[in-house]
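> The following comprises the amino acid sequence and a computationally predicted model.
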Amino acid sequence: MAAAASVFLRVRTGSKVGAEYDQEGQLIQVESREDEEQTVKLAEILELLLAAGYFRARIKGLSPFDKVVGGMTWCITTCNFDIDVDLLFQENSTIGQKIALTEKIVSVLPKMKCPHRLEPHQIQGLDFIHIFPVIQ
């Protein structure tokens with residue numbers, strides 16, 4: 001039985017365990033993929049958001065999810081599009097709030113005539129390679 005439990009505690013090669021906090025402020029461990037190309041795309045996304053005027057992308061205490069999704073939400077709301085979707089972004093949201101927000105963002109993109117398709121799981125999984133063309 002102990003051998004089976006250790007399988008779930010192993011970390012995959014090429015991954016790192018990062019610090020995240022739950023609703024009560026308790027530290028939880030989240031595994032994320034370490035990929036140089038993803039890191040480069042995140043930096044490019046943050047540069048684009050800063051150039052557009054979203055200065056919260058500079059805050060070091062925010063997670064990459066909060067920076068990117070906050071930036072996407074800000075960009076959509078400042079585009080002066082008449083959209084019937086309430087885009088409310090909160091930092092350190094619950095997983096349910098994150099899922100709902102990413103689904104709303106994805107549903108708005110075709111209405112804005114965005115030529116690039118994006119799925120909610122790509123935003124939630126921080127797939128910066130696919131998020132970059134949408135932000136660009």
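Thanks, I have the structure now. Numbering: from 1, shown residues only.
> avg pLDDT for the helix or strand encompassing residue 76?
Residue 76 is located in helix 64-78, with elements delineated by DSSP states H and E. The predicted model assigns helix 64-78 a mean pLDDT of 87.
> how about the strands in this protein?
Applying DSSP state E to the chain gives strands spanning 15-21, 27-33.
> Look up how far residue 124 lies from residue 78.
23 Å (C-beta to C-beta, to the nearest Å). Yep, even glycine has a C-beta here, placed from its N, CA and C like the rest.
> So for these two, which sits in the more crowded spot?
Comparing residue 78 with residue 124 by other C-beta atoms under 10 Å, the one with more neighbours is residue 124, at 16 against 11.
> Can you give me every residue that contacts the closest residue in space to the more buried one that isn't next to it in sequence?
Using C-beta to C-beta, 6 or more residues apart in numbering and skipping the chain neighbours, the partner closest in space to residue 124 is residue 102 (5.5 Å). Neighbour list for residue 102: 69, 120, 123-124 [criterion: C-beta atoms under 8 Å, 6 or more residues apart in numbering].
> change it to 6 Å
Residue 102 makes contacts with 120, 123-124, as judged by C-beta atoms under 6 Å, 6 or more residues apart in numbering.
> next one: residue 128
By C-beta under 6 Å, 6+ apart, the neighbours of residue 128 are 38, 41-42.
> can you do 8 Å?
For residue 128, the contact set (C-beta under 8 Å, 6+ apart) comprises 38, 41-42, 45, 64, 68.
> would JSON lines of those with neighbour count and distance to residue 130 be doable?
Below are the contacts of residue 128 laid out as JSON lines (neighbours: other C-beta atoms under 10 Å; distance: C-beta to C-beta, whole Å):
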{"residue": "38", "neighbour count": "18", "distance to residue 130": "10"}
{"residue": "41", "neighbour count": "20", "distance to residue 130": "9"}
{"residue": "42", "neighbour count": "19", "distance to residue 130": "12"}
{"residue": "45", "neighbour count": "22", "distance to residue 130": "11"}
{"residue": "64", "neighbour count": "17", "distance to residue 130": "14"}
{"residue": "68", "neighbour count": "22", "distance to residue 130": "12"}
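> ok, of the contacts of residue 102, which one's closest to residue 131?
residue 123 (6.4 Å; C-beta to C-beta).
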